[in-house]
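*Asks:* mind folding the following:
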Amino acid sequence: MEPSSSRPTLLERLSALMTREPEDRGELLDLLHAAYERNIFDADVLTILEGALGVADIQVQDVMIPRTQMDVVHVDDPLDKVAAFAIEAGHSRFPVIGENRDDVIGVLLAKDLLRYFAGQPVGLRELVRPAVFIPESKRLNVLLREFRVSRNHMAIVVDEYGGVAGLITIEDVLEQIVGDIEDEYDFDEDAGNIIADQVGRYRVKATTEVEAFNEAFATDWPHEDYKTIGGLVIHLLGRLPTRNEVVEHEGFRFQVLRADSRRVYTLLVERVPDTHAVGG
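*Replies:* This is a model prediction of the structure:
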């Protein structure tokens with residue numbers, strides 16, 4: 001005679017937890033890790049699940065783009081200037097300001113500039129859409145739900161005094177969920193910070209200290225203003241770089257392999273041939 005009941009399988013326990021609100025997040029995380037260890041799903045899925053759980057503990061102020069780093073357009077700027085700036089910055093949305101950065105009038109969608117390129121007689125004020133304002137303390141899971149419902153992709157973050165503290169986009173929120181998934185540019189933690197490839201280039205972690213870079217490449221770069229190679233690249237550009245952006249410095253070319261809206265992760269470094277050498 002077969003037993004009337006048996007111990008629930010791991011998949012059954014996981015399914016039971018996912019169909020109700022867990023009382024203990026630690027228990028759920030332990031179960032997710034157990035499922036991963038049994039190859040029920042892979043590391044990417046585990047990362048996404050952990051990230052989705054973690055956004056409830058993160059506030060907007062922890063991941064927003066600070067006001068000093070916001071790319072903004074002035075409401076009185078001519079559209080040809082605005083269009084050129086939008087192309088250079090490469091964003092899909094821009095805060096539109098009046099007198100200063102605390103005076104956010106609305107948001108410009110880069111796609112709305114197509115009316116200008118099509119020759120329609122429009123001004124910037126006609127293209128501005130309403131801005132969404134949120135407090136610094138809002139939780140990311142709440143904001144993500146609001147983004148989905150309202151179909152807005154950008155919000156202006158204000159501090160307790162009503163001043164603009166920064167901005168946040170739906171991409172910034174999603175990066176908290178999937179931003180740490182390994183890609184082809186990630187490192188084996190035991191492999192070191194500087195890895196040579198087969199054609200004489202090097203993959204370098206942005207967190208590599210300038211002193212360590214000096215030792216590896218026989219350079220003598222100062223490290224008082226920036227401690228890491230990522231900091232050097234940011235210093236050279238004057239802002240956070242985007243993926244595939246390139247900058248050269250004293251005989252080296254740095255290409256950004258991996259970066260997000262808050263930090264640089266990986267660089268491709270190669271020596272630049274001396275174009276000033278005199279031929280024989």
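*Asks:* per-residue confidence at A216?
*Replies:* With respect to pLDDT, A216 scores 94.
*Asks:* quick check: which element contains it?
*Replies:* helix 210-217 (DSSP states H and E).
*Asks:* what is the burial count for P222?
*Replies:* Using other CB atoms under 10 Å, P222 is surrounded by 9 other residues. Heads up, the C-betas are built off the backbone N, CA and C, glycines and all.
*Asks:* got the contact list for it?
*Replies:* Applying CB atoms under 8 Å, 6 or more residues apart in numbering, we find P222 in contact with V210.
*Asks:* did I read that right, it in a helix?
*Replies:* No. Counting by DSSP: H, G, I helix; E, B strand; the rest coil, P222 falls outside a helix, being coil.
*Asks:* can you read off the pLDDT for it?
*Replies:* 88.
*Asks:* could you measure from it over to V233?
*Replies:* P222 sits 15 Å away from V233, going by CB to CB, to the nearest Å.
*Asks:* circling back: and the helix holding A216, what does it pack onto?
*Replies:* In terms of contacts (3 or more CB pairs under 8 Å, 6 or more residues apart in numbering; DSSP states H and E), helix 210-217 is packed against strand 194-196, helix 229-237.
*Asks:* quick one: average confidence on the last one?
*Replies:* Put plainly, it is helix 229-237. In the prediction, helix 229-237 has an average pLDDT of 91.
*Asks:* report the strands that pair with the following helix or strand past that helix, each with its relative direction.
*Replies:* Tracing the chain C-terminally past helix 229-237 and defining elements by DSSP H and E, one meets strand 246-249 next. Strand 246-249 has its sheet partners listed here by DSSP bridges as strand 252-259 (antiparallel).
*Asks:* what's the partner strand in contact with?
*Replies:* Taking CB under 8 Å, 6+ apart as the rule, strand 252-259 contacts 183, 185-186, 203, 206, 217, 219, 229, 233, 236, 240-248, 264-272.
*Asks:* in that strand, what counts as buried?
*Replies:* F252, F254, Q255, V256, L257, R258, A259 (16 or more other CB atoms under 10 Å).
*Asks:* closest to R115 among those residues?
*Replies:* The closest of the buried residues of strand 252-259 to R115 turns out to be A259 (CB to CB; 32.0 Å).
*Asks:* what sits up against the helix or strand V204 falls within?
*Replies:* Under the criterion of DSSP H and E, V204 resides in strand 202-205. Outside strand 202-205, the residues that touch it by CB under 8 Å, 6+ apart are 185, 187, 193-197, 213, 229, 257, 265-270.
*Asks:* and the residues you listed, which are buried?
*Replies:* Buried residues within the contacts of strand 202-205, counting neighbours by 16+ other CB under 10 Å: F187, N193, I194, F213, I229, L257, Y265, T266, L267, L268, V269.
*Asks:* kind regards, and thank you for your time.
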